[in-house]
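# Sequence first, then the predicted structure:
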Amino acid sequence: MSNVERQTEAIESMRALSDGFIEKIENRTLKVGILGLGYVGLPLMRAFCNQLFPVIGFDLDENKVRDLNSGRSYIKHISDESVTSMIDSGRMHVTHDFSRLDEPDVLLICVPTPLDEYRNPDLSYVASSCTAIAKKLRPGQLVILESTTWPGTTAEIMTPILESGSGLKANIDFAIAYSPEREDPGNPQFETSTIPKVVGADSDAVREMSDKLYRTIVPQIAVVSDTRTAEAVKLTENIFRAVNIAMVNELKTIYTEMGIDVWEVIDAAATKPFGFMPFYPGPGLGGHCIPIDPFYLSWKARGFGMNTRFIELSGEINAKMPTFVIDRLAEALSSRFEKSLSGANILVVGLAYKKNVDDMRESPSLELIERLEKRGALVEFYDPFIPTVPETRDHPEFNGRKSLNWNADSLSKFDAALIATDHDSIDYELLLKEVPLIVDTRNACKHLSGHAFAERILKS
């Protein structure tokens, strides 16, 4: 058979696969499978269930499976009532039995893609997911990766694993695509079903299948030419944020030395209706995306003999912010109270990586606490969304630590409080009243600038 004949056969095979797949989408008999039921997978499950699709959720964590099957959510912005509603509908099924991976028509992979200790991509979760899928992969299934990764992962890592483990050929016997997650936990303006999606695949038929699938749950789809382009889109979005946050963090350190309030500068600059987009400084970068994802491109670029200087520089600047904040705290304790950081009682306000969420992945608060304790400070934390630190592989030394009880008696024992996360529900006026020094890294006390105790606030 000639190459032209093989290509024609592949196109015809995928067209037949696509037609049957799209028909199932239209009559809502398509079964969706989701691997990984965390901050990406669980909202996706809700979105598809709400559009009347049967969904099977797969997760290795038996606690998550048990909670969901009992109607309990472990993610703040997904309510127990929402989980119960999915169960009662009969459309949601959750399991740790990966032998059922042949049941869904589409498999969405939503697993972590962290960095290893050398800041190289760790795709072990993606690889193990693909290995499990390959054992049960059947003709006609569509496999889509949603996890952030470097351009080429779908074609160079996923496809070989799926093909070698199943004996099937990608985009002939089964389909494969990439569509990066765009979750923003804690942002009430957006949820999975209101955020546009990017989709990329390496054939016309698979692009159409993926487009039709996601159009059932989101208002807008941007279809790009291939999986590499879609993978690059996600990295570009997160690199944009990382570089701009690094810029304002650097400006913060410079303006602090000049006696200029960087928050006032940004607020005034943001009144310009064109050519400026406000980003805000903080005590460091947190979350699973911004501190990690840019280095996926750095790693890949090295393979092409290229340097990513902006990415590396932004990483260096953002990594220095915890030290800057702690040095400011130490200087203020010394100059205002002639007190050393060693032996001082310090309260870290906020353990989550961003406001109004219970997610502490890569949170700068963890590093702040570690550094403060290494310098001899006696540290406690308060977070209304994290009463007890759950078990974490990355920071096992925090497992089981409990949040402070928020009241005047508890607060009055501290020499200083460091606001690392600006949750809206926190009573900052009580904090200002009871603690003699507030190091505010988030401008959370802006509304108290005219308060009688405002001189206690140190913006940092």
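Thanks, I have it.

# And the strands in this protein, which stretches?
32-35, 55-58, 92-95, 106-109, 142-145, 175-178, 197-201, 221-224, 345-349, 378-382, 416-419, 438-440, 457-459 (DSSP state E).

# mind checking which of the ones you listed is nearest residue 252?
Residue 252 lies closest to strand 457-459 among the strands of the chain, at 8.9 Å (CB to CB). (Each C-beta comes from the backbone N, C-alpha and C, glycine too.)

# Show residues contacting the closest one.
Strand 457-459 is contacted from outside by 261-263, 328-329, 332, 432, 437-440, 443, 445, 448-449, using CB atoms under 8 Å, 6 or more residues apart in numbering.

# Now with 6 Å, please.
The contact list for strand 457-459, computed with CB atoms under 6 Å, 6 or more residues apart in numbering, reads 332, 438, 439, 440, 445.

# By neighbours, which of those wins?
Highest neighbour count within the contacts of strand 457-459, by other CB atoms under 10 Å: residue 438, with 26 neighbours.

# Run through the residues that contact that one.
Shown in contact with residue 438 (CB under 6 Å, 6+ apart): 417, 456, 457.

# cutoff 10 Å now
Residue 438 makes contact with 332, 347, 349, 414, 416-419, 428, 431-432, 444-445, 448, 453-454, 456-460 under the criterion CB atoms under 10 Å, 6 or more residues apart in numbering.

# which of these are buried?
Neighbour-count burial (16 or more other CB atoms under 10 Å) applied to these gives 332, 347, 349, 414, 416-419, 428, 431-432, 444-445, 448, 453, 456-460.

# quick one: pLDDT of the nearest residue to residue 311 once chain neighbours are set aside?
In space, and not counting its chain neighbours, residue 311 is closest to residue 294: 4.6 Å by CB to CB, 6 or more residues apart in numbering. Per-residue pLDDT puts residue 294 at 89.

# Just to check, residue 294 is in contact with residue 300?
No. The pair residue 294 / residue 300 is not scored as a contact, 11.1 Å apart, by CB atoms under 10 Å.

# my read: residue 135 touches residue 164, true?
No. Between residue 135 and residue 164 there is no contact under CB under 10 Å: 11.3 Å.

# Run the chain-centre distance for stretch 60-73.
21 Å (CA atoms, centre = their mean, to the nearest Å).

# Just the endpoints, please. Distance across that stretch?
Terminal residues of stretch 60-73 are spaced 16 Å apart (CA to CA, to the nearest Å).

# So for that stretch, what gets flagged as buried?
Buried, per 16+ other CB under 10 Å, within stretch 60-73: 60, 64, 65, 67, 68, 73.

# Phi and psi next, for the last one.
Reported as degrees, to the nearest 10, the phi and psi values for residue 73 are phi -100, psi 150.

# Report the contact partners of it.
42, 46, 64, 67, 79, 80, 81, 82, 83, 84.

# Quick check, the first one in contact with residue 110.
Yes. Between residue 42 and residue 110 there is a contact under CB under 10 Å: 8.7 Å.

# Between those two, which contacts overlap?
Counting by CB under 10 Å, 6+ apart, the common neighbours of residue 42 and residue 110 are 34, 36, 57, 59, 183.

# how about the third one, what does it touch?
Right, residue 57. Residue 57 sits next to 32-37, 41-42, 44-45, 49, 64-65, 68-69, 86, 92-96, 108, 110 when contact means CB under 10 Å, 6+ apart.

# From those residues, list the buried ones, please.
Buried members of those, counted by 16+ other CB under 10 Å: 32-37, 41-42, 44-45, 49, 64-65, 68, 86, 92-94, 108, 110.

# that older thread, neighbour count winner among residue 294 and residue 300?
residue 294 (27 against 20).

# so how far is residue 119 from the more buried one?
Residue 294 is 10 Å from residue 119, where distance means CB to CB, to the nearest Å.

# Equivalent analysis for residue 159, please.
The gap separating residue 159 from residue 119 is 26 Å, by CB to CB.

# that older thread, where do the contact lists of residue 294 and residue 300 overlap?
235, 308.

# Point out where the stretch 201-350 of the chain drops to low pLDDT.
By pLDDT under 70, the stretch 201-350 of the chain contains no weakly predicted segment.

# could I get the strands of the chain as TSV with distance to residue 214?
Compiled in TSV, these are given as follows (distance: least, CB to CB, whole Å):
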stretch	distance to residue 214
strand 32-35	11
strand 55-58	14
strand 92-95	19
strand 106-109	10
strand 142-145	9
strand 175-178	10
strand 197-201	5
strand 221-224	6
strand 345-349	39
strand 378-382	39
strand 416-419	39
strand 438-440	41
strand 457-459	43
